[in-house]
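Colleague: Here is my input, please return the structure:
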Amino acid sequence: MSGLSPLRVFAVMAKEFTQLRRDRITYAMILVLPLVQLLLFGYAINTDPRHLPAAVMAHDHGRLADAVVATLELTDYVDVRFLPTSEAEMDRLMRRGDIALALTIPPDFSQRVLKNDGAQILAEIDASDPMAAAGVAAAVAALPEQALRHDLQGVGARPAPVPAFEVVVHRLYNPEGITAFNIVPGLLAIILSMTLVMMTAMAVTREVERGTMETLLATPANALEVMIGKLSPYVLVGLVQSVIVLLLARLLFGVPMAQTPAGWLALATGLFLFIVNNLSLGYLISTLVRSQLQAMQLTIFYLLPSLFLSGFLFPFLGLPHWARILGEAIPITHFLRVVRGSLLKGQVLADMIPDLLALLTFLFVVASLTLARSRRTLD
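Modeller: Modelled structure (predicted):
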C-alpha cells in the first residue's frame, strides 16, 4: 500500500468539483438556499405583525369620532383600508379574512362622550390567528386612555382615571385564543404538501432511474394520459390523509368543524384542487431532475418559502408587501384560507372564489409546464 499522494488527492478533488459543476440543481441549492433563508428570516418573518387591515363603520362623523380613528392608526398595528356602509359588508370583509379589525362607532358617540353618559364603540377582532389578534387587541384597549386626551377640554374634561369611552371587544372565530385552532388546520396543508409533492417527485424519478418509465413511454398512451394515470392513485392517498388529519384535529384538539353542508362542500372542493396541485407539482419536479436526491432537494426548496410566506407560522397580512406577493403565488397560502375559513369562519364556496380560482390557475400553469416538459424518450 503506497503512502498518501497529494497528486492523487488533487485529482480526486478536481473530479468532484467537475461533477458538482455538472450537477446544476445541487450547485444552485448550495448557493440559493442560504440566500433564501437569510431573506426569509431577516425580512419576512415578523412575530409582531403591524399595519394589519382594518375597517371602520362610523355612524358619527364628528371631531371626537375622527380623533378615535386617527389615534388607532397612529399605533401602527392597523391601517384603516375599508369604510363599509353596512353591517353585511363589514361581516363579509371579516369572514373572508380581508380585515383583522372591524370598528363600529355608534351615531350618538360624541354626544355620550360630552355628557359622560357611558359612550361605547364596538371592536370586532379576527381571533382565528391569536398572534395577530394580540397586537390588535392591545391597540384598541389603549384607545380610551389615549384617543381624546387633547380633545376634551373645559366642559368636556373629566378626572384622569375616568376613561372618555369604553371599547367593547368581540373576538371572533376563536374567542379563547387557542393556538391549536389556527395551527392544526394549517398542518393539513403542510402535511399534504410534504408528502404528496415529495412522494410523486421521487416515485416518478425512481421509475426513470430504473428504466420503467421508458417502457411506459413506448406505449400508445400520450403524456396527458400517463400523467393522469400515474397521479390518480395518489389523489386517494391525499384524501385518506385529509380524513385522518381532520378526525385527529377534532378528537385530540377539539378543532371546530364545518357546520353546514355548504361548508363541507367548500372544503372538499378546495381540498381536491390542492391535492391535485401538489401531485402536479411533484410530477413537474420529476421532469426537471435526474435523480431522487435532486427531487428531494427541489421539494425542500419549495417547502421552505411555503412554511414562512403562506401564513402558516406567521400572520400573512403582517408580512412585507413583497413577501405577500410571493406568498400569493404559493398554493398553500390559498388552501390555508380555504381550510381555516371553512372550519373556523363558516365560509362557503362564494367566500372562497378568489382562492379557488388561484388554485385552479396554479394547476393549469403547472400541468401545462409538465406536459411541455414530458418527453417521449429519456435520451
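Colleague: Only C-alpha atoms from now on, for both contacts and neighbour counts.
Modeller: Fine.
Colleague: ok, how many other residues are close to Leu192?
Modeller: 23 (other Cα atoms under 10 Å).
Colleague: Can you tell me which helices and strands the helix or strand hosting it packs against?
Modeller: Taking DSSP states H and E as the criterion, Leu192 maps to helix 179-192. If you count contacts as 3 or more Cα pairs under 8 Å, 6 or more residues apart in numbering; DSSP states H and E, helix 179-192 packs onto helix 223-253, helix 331-344.
Colleague: now that helix against helix 331-344, angle please.
Modeller: Here the directions of helix 179-192 and helix 331-344 differ by 140 degrees (axes from the mean of the first three to the mean of the last three Cα atoms, to 10 degrees).
Colleague: Helix 179-192: what's the following helix or strand?
Modeller: Immediately after helix 179-192, counting by DSSP H and E, sits helix 198-210.
Colleague: Stretch 357-374: how far from the chain's middle?
Modeller: Stretch 357-374 has its C-alpha centroid displaced from the chain centroid by 20 Å (Cα atoms, centre = their mean, to the nearest Å).
Colleague: buried residues in that stretch?
Modeller: Using 16 or more other Cα atoms under 10 Å as the test for burial, stretch 357-374 gives Ala358, Leu359, Leu360, Phe362, Leu363, Val366, Ala367, Thr370, Leu371, Ser374.
Colleague: of those, closest to Thr260?
Modeller: Thr260 lies nearest to Leu359 out of the buried residues of stretch 357-374, by Cα to Cα, at 23.0 Å.
Colleague: Contact partners for the closest one?
Modeller: Taking Cα atoms under 8 Å, 6 or more residues apart in numbering, we find Leu359 in contact with Gly270, Leu273, Phe274, Asn277, Pro331, His334, Phe335.
Colleague: make it 10 Å
Modeller: 270, 273-274, 276-277, 329-335, 353 (Cα atoms under 10 Å, 6 or more residues apart in numbering).
Colleague: Show me which of these are buried.
Modeller: Looking at the contacts of Leu359 with 16+ other Cα under 10 Å, the buried ones turn out to be Gly270, Leu273, Phe274, Val276, Asn277, Ala329, Ile330, Pro331, Ile332, Thr333, His334, Phe335.
Colleague: The third one is in what secondary structure piece?
Modeller: Yep, that's Phe274 we're talking about. helix 261-288.
Colleague: On the C-terminal side of that helix, identify the next helix or strand.
Modeller: Using DSSP H and E, the next helix or strand after helix 261-288 towards the C-terminus is helix 292-309.
Colleague: could you give the mean pLDDT of that following helix?
Modeller: In this model, helix 292-309 carries a mean pLDDT of 85.
Colleague: for stretch 238-255, same thing?
Modeller: Mean predicted lDDT for stretch 238-255 stands at 94.
Colleague: Which positions in that stretch come out as buried?
Modeller: Neighbour count says stretch 238-255 has Gly238, Leu239, Gln241, Ser242, Val245, Leu246, Ala249, Val255 buried, by 16+ other Cα under 10 Å.
Colleague: mind listing what the first one touches?
Modeller: Translated: Gly238. So Gly238 contacts 191-193, 195-196, 244, 271-272, 274-276, 278-279 (Cα under 10 Å, 6+ apart).
Colleague: residues in contact with Ser280?
Modeller: Applying Cα under 10 Å, 6+ apart, the residues near Ser280 are 196-197, 200-201, 227-228, 231, 274, 286, 362-370.
Colleague: same deal with Gly118?
Modeller: Phe109, Arg112, Pro163, Ala164, Phe165, Glu166.
Colleague: With adjacent residues omitted, what lies nearest to the fifth one?
Modeller: Just to be clear, that refers to Phe165. Nearest residue to Phe165, sequence neighbours excluded (Cα to Cα, 6 or more residues apart in numbering): Ala119, at 4.7 Å.
Colleague: Let's see which of the buried residues of stretch 357-374 end up in helices.
Modeller: Judged by DSSP state H, these include Ala358, Leu359, Leu360, Phe362, Leu363, Val366, Ala367, Thr370, Leu371 as members of helices.
Colleague: any chance of these in a markdown table, with distance to Ala133 and pLDDT too?
Modeller: What follows is these, written out as a markdown table (distance: Cα to Cα, whole Å; pLDDT from 0 to 100):
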| residue | distance to Ala133 | pLDDT |
| --- | --- | --- |
| Ala358 | 26 | 96 |
| Leu359 | 27 | 96 |
| Leu360 | 31 | 96 |
| Phe362 | 30 | 95 |
| Leu363 | 33 | 94 |
| Val366 | 35 | 93 |
| Ala367 | 38 | 90 |
| Thr370 | 41 | 87 |
| Leu371 | 44 | 84 |
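Colleague: and those residues as JSON lines, adding distance to Glu89?
Modeller: As requested, these are exported to JSON lines (distance: Cα to Cα, whole Å):
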{"residue": "Ala358", "distance to Glu89": "23"}
{"residue": "Leu359", "distance to Glu89": "25"}
{"residue": "Leu360", "distance to Glu89": "27"}
{"residue": "Phe362", "distance to Glu89": "29"}
{"residue": "Leu363", "distance to Glu89": "31"}
{"residue": "Val366", "distance to Glu89": "35"}
{"residue": "Ala367", "distance to Glu89": "37"}
{"residue": "Thr370", "distance to Glu89": "41"}
{"residue": "Leu371", "distance to Glu89": "43"}
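Colleague: what does the domain assignment say about this structure?
Modeller: 52-172, 179-373 (automatic domain parsing).
Colleague: Go through the ones you listed and name the closest to Phe10.
Modeller: Closest among the domains of the chain, once you apply Cα to Cα, is domain 179-373, at 26.2 Å.
Colleague: Tell me how far the closest one lies from the chain's centre.
Modeller: For domain 179-373, the distance to the chain centre is 12 Å (Cα atoms, centre = their mean).
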